[in-house]
Structure formats: C-alpha cells, structure tokens
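Engineer: Here you go, sequence then predicted model.
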Amino acid sequence: MNWPLGQVIELFPGKDGVERVAKLRLASGEIIRPLQRIYSLELSASDHLIEDHQGTDIAAQNPGPTAADVLEEVKKSRCGRPLIPVKRLNL
C-alpha cells in the first residue's frame, strides 16, 4: 500500500464546535479530508518533546515570511493542483 505523508495545516470545526475536517499539505499539493480518514504516525515521547522544543526556537528566530517567499508561492487551480507556467520557445 502507498500511504502519502502529510502535515495538518488547518482544522475546520463543525456547527457544534468539534473539529471534523482537516486541510492537509502533501508532496503533491493540498487536500481536505475528514478526520476519520486520517491516520497519525506513532511517535515516542522523546521525539515529541524534541519537536516541541525545536518549534519554539525556530518561531523565535523566524518572525514571518519574507517578500521572496511570497513571490515564490505557486498558484493553484480551483481543485488545489499547482499551476505550472507554460514555457514557450521564442523562435
């Protein structure tokens, strides 16, 4: 079986305030999936603590996206697929 790895970007709450849908970032793009169909990786307690500690240091050093990061952002179609610009030869 091929299971794509992804990162949860955003959680969407339902009318009762309980999160039931998540937006995921995969290598191929972004998708929206129900939480019932998402399986988390099993991490040991030491790995979890290391990630939390590193995340706080990185957030303090990097205040936000720069202008170059915003320009490099890829445009996406309505379906969420990345749009690749056409490369034409100037003959």
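Structural biologist: Everything's here; your move.
Engineer: Now stretch 78-89: average pLDDT?
Structural biologist: Mean pLDDT, stretch 78-89: 84.
Engineer: Counting by contacts, list what the helix or strand Leu11 falls within packs against.
Structural biologist: Secondary structure from DSSP states H and E places Leu11 in strand 7-13. With contacts defined as 3 or more Cβ pairs under 8 Å, 6 or more residues apart in numbering; DSSP states H and E, strand 7-13 has these neighbours: strand 19-26. In this view, the C-beta of every residue, glycine as well, is placed from N, C-alpha and C.
Engineer: Would you mark the buried spots in the strand it packs on?
Structural biologist: Residues of strand 19-26 classed as buried by neighbour count (16 or more other Cβ atoms under 10 Å): 22-24.
Engineer: shouldn't Leu24 be in contact with Arg37?
Structural biologist: No - counting by Cβ atoms under 8 Å, Leu24 sits too far from Arg37 to count as a contact (10.3 Å).
Engineer: ok, back up a step: looking at the buried residues of strand 19-26, which is nearest Glu10?
Structural biologist: Among those, Lys23 lies closest to Glu10 (Cβ to Cβ), at 4.3 Å.
Engineer: before we move on, the earlier item: including pLDDT and distance to Lys87, could the buried residues of strand 19-26 go into JSON lines?
Structural biologist: Listed next are the buried residues of strand 19-26 as JSON lines, based on pLDDT from 0 to 100; distance: Cβ to Cβ, whole Å:
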{"residue": "Ala22", "pLDDT": "93", "distance to Lys87": "35"}
{"residue": "Lys23", "pLDDT": "94", "distance to Lys87": "30"}
{"residue": "Leu24", "pLDDT": "93", "distance to Lys87": "30"}
